[in-house]
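Asks: any chance you could fold what I've pasted below:
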Amino acid sequence: MELGRMCLLHIHAISAIVLLLHISCGACANVTRCVEGKGSAACYKQDLVINSTRLSSWGAEALNQDCCAWEGVYCDNLTGHVDQLHLGGEVLSLQGELLDYIPFKGTLGPKLIELQHLVYIDLTSNRLQLSPIPGFIGSLPHIRYLDLSEAGFVGEIPYHELGNLTHLQYLDLSSSDFTNSIEFFSWLPHLSSLKYLDLSFVNLSNVFDWPETVNKLHNLRNLTLYGCQLPPPIISSTTLSDKNTSQTLASVDLSKDSLTSSVFKWLCNISATLVLLNLSHNKLSGSLPDCIGNMSSLTHLNLSSNQLEGRIPDSFAKLCSLQEFVISSCNLSGHISNFFESSCVQNSLEILDLTTNNFTGSFPDMTRFQALRELYLRRNKLNGTIPESIGNMSKLETIGVSHNDLEGVITEAHFSKLSKLVLVTMIWKE
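Replies: Residues are numbered from 1 along each chain as shown. Predicted coordinates:
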């Protein structure tokens, strides 16, 4: 009778995920772990018809009554409280490889707030019923990690409620259709502990003062605004002179937006800490600024598919930590040897892509670049022959040099020590 009453109460609030979870909040707080909730589990599982195969460990059976052993549910080792929910639609191996895609469906039920010790919620890549992010998430005061990307949330972001998440460090709302993104973005500095922010494919086309907002996120380390239609920023003297400008940013991905070269005014003001910078597929034009050479911590730089001109600045020779340099399809010119002879990246550079530019000169001597794994020099104006010394670059896996003015014969000596080579494209002009 008691079990039937519990089932009736919970089925009225049908949800495909969290109505099943709330049973663990009180039960897992006890050392006995989930004993109080073992009857409820069987009730909720009836609502998960589509995804029941993923939840075989959720149940009232003797072997399954410990919620801390359920798939996707993690508990604090000391207290037994449920503190993490890993319920993304992608089923991954322990190594992070995609094994399957089995998304949850339904709605996010309010019983979630009973899990007051949660610090981690991952609901990414699900097919929840299209609805706004529920405001009650703001009633989980200890949340540090929140990933709701590609989960089916639309409409208005309840940013006032989310302001209660003062410990939030990781926020991913990417690939969602929100209607109040302008207001939400301006409000973000209220999340004072934020270190990681990903709003990829959220429409930010009318957020012109975005650098000022980012400057106020003093702990932010990762900023990903990929495909947000981000406009050229309004850079005021206040923005550049603000002493509170974030000095923690390490990774900035602003690719596939609508940015012009004006963005460099802001980037060069925060350059000291940058490790990754991706500005590919924008509307950058003119010459590259020398100030990029001052980003001495950069390991990954991608400026591909822009409308640039001129040559690679001499200041780039100071980027001694670069591991990946991609600047394809940028209409750049100059003698190819200028980069290779003056660069200090011979011990770090692993990926170099200068495809589809107008670089000239003979094929460079690259034997100093012993860390290089991928080399792309296709569609330039290089001439002469490929030196046999390239065969000493033992870590090379991919070489692409087609559609140049190269000539000569390729012999076994060119591949003498290239035991890791898996792809070669070499097409000579007739």
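
Asks: need the CA coordinates for stretch 365-383. CSV is fine.
Replies: Output of stretch 365-383 as CSV, limited to C-alpha atoms (Å, rounded to 0.1, in the frame of the first residue of the first chain):
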residue,chain,number,x,y,z
ASP,A,365,64.9,22.8,-44.7
MET,A,366,62.8,21.5,-41.8
THR,A,367,65.2,19.1,-40.1
ARG,A,368,65.3,21.3,-37.0
PHE,A,369,61.5,20.7,-36.5
GLN,A,370,61.8,17.2,-35.0
ALA,A,371,58.5,17.4,-33.1
LEU,A,372,56.5,18.0,-36.3
ARG,A,373,53.7,15.4,-36.9
GLU,A,374,51.5,17.2,-39.5
LEU,A,375,52.8,19.4,-42.3
TYR,A,376,50.4,21.1,-44.8
LEU,A,377,51.9,23.4,-47.5
ARG,A,378,49.4,22.7,-50.2
ARG,A,379,48.3,25.4,-52.7
ASN,A,380,51.1,27.8,-52.4
LYS,A,381,53.8,28.9,-54.9
LEU,A,382,56.7,26.9,-53.6
ASN,A,383,59.3,25.7,-56.2
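
Asks: next, the contact list for Ser205, please.
Replies: Contact analysis of Ser205 by CB atoms under 8 Å, 6 or more residues apart in numbering lists 228-231, 258. Heads up, the C-betas are built off the backbone N, CA and C, glycines and all.

Asks: give me the buried entries from these.
Replies: Among the contacts of Ser205, those classed as buried by 16 or more other CB atoms under 10 Å are 228, 230-231.

Asks: wait, which of the residues you listed is closest to Ser296?
Replies: Leu230 (25.9 Å; CB to CB).

Asks: I'd guessed that closest one sits against Ser258; true?
Replies: Yes: between Leu230 and Ser258 there is a contact at 6.3 Å, judged by CB atoms under 8 Å.

Asks: quick check: His334 touching Asp314?
Replies: Residue 334: Gly, not His. No: Gly334 is beyond contact range of Asp314, at 10.4 Å (criterion: CB under 8 Å).

Asks: who's more crowded, the two?
Replies: Gly334 (16 against 12; other CB atoms under 10 Å).

Asks: tell me the pLDDT of the more buried one.
Replies: Predicted confidence (pLDDT) for Gly334: 94.

Asks: check contacts around the residue lying closest to Pro313 once chain neighbours are set aside.
Replies: Using CB to CB, 6 or more residues apart in numbering and skipping residues adjacent in sequence, the residue nearest Pro313 is Asp290, 5.0 Å away. The neighbours of Asp290, taking CB under 8 Å, 6+ apart as the test, are 313-315.

Asks: and Ser192, by the same measure?
Replies: So Ser192 contacts 166, 218-219 (CB under 8 Å, 6+ apart).

Asks: please enumerate the strands of the stretch 1-150 of the chain.
Replies: Secondary structure of the stretch 1-150 of the chain (DSSP state E, counting those that start in this stretch): strands located at 73-75, 82-86, 90-92, 98-101, 105-106, 120-122, 127-128, 145-147.

Asks: typo on my end, the stretch 151-300 of the chain
Replies: 154-155, 170-172, 177-178, 196-198, 222-224, 251-253, 276-278, 285-286, 300-302.

Asks: now tabulate these in JSON lines and tack on distance to Gln84, mean neighbour count and mean pLDDT.
Replies: Shown next, in JSON lines, are those (distance: least, CB to CB, whole Å; neighbours: other CB atoms under 10 Å; pLDDT from 0 to 100):
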{"stretch": "strand 154-155", "distance to Gln84": "26", "mean neighbour count": "14", "mean pLDDT": "94"}
{"stretch": "strand 170-172", "distance to Gln84": "12", "mean neighbour count": "21", "mean pLDDT": "98"}
{"stretch": "strand 177-178", "distance to Gln84": "26", "mean neighbour count": "18", "mean pLDDT": "94"}
{"stretch": "strand 196-198", "distance to Gln84": "16", "mean neighbour count": "20", "mean pLDDT": "98"}
{"stretch": "strand 222-224", "distance to Gln84": "20", "mean neighbour count": "19", "mean pLDDT": "97"}
{"stretch": "strand 251-253", "distance to Gln84": "24", "mean neighbour count": "21", "mean pLDDT": "97"}
{"stretch": "strand 276-278", "distance to Gln84": "27", "mean neighbour count": "21", "mean pLDDT": "98"}
{"stretch": "strand 285-286", "distance to Gln84": "46", "mean neighbour count": "12", "mean pLDDT": "96"}
{"stretch": "strand 300-302", "distance to Gln84": "30", "mean neighbour count": "21", "mean pLDDT": "98"}
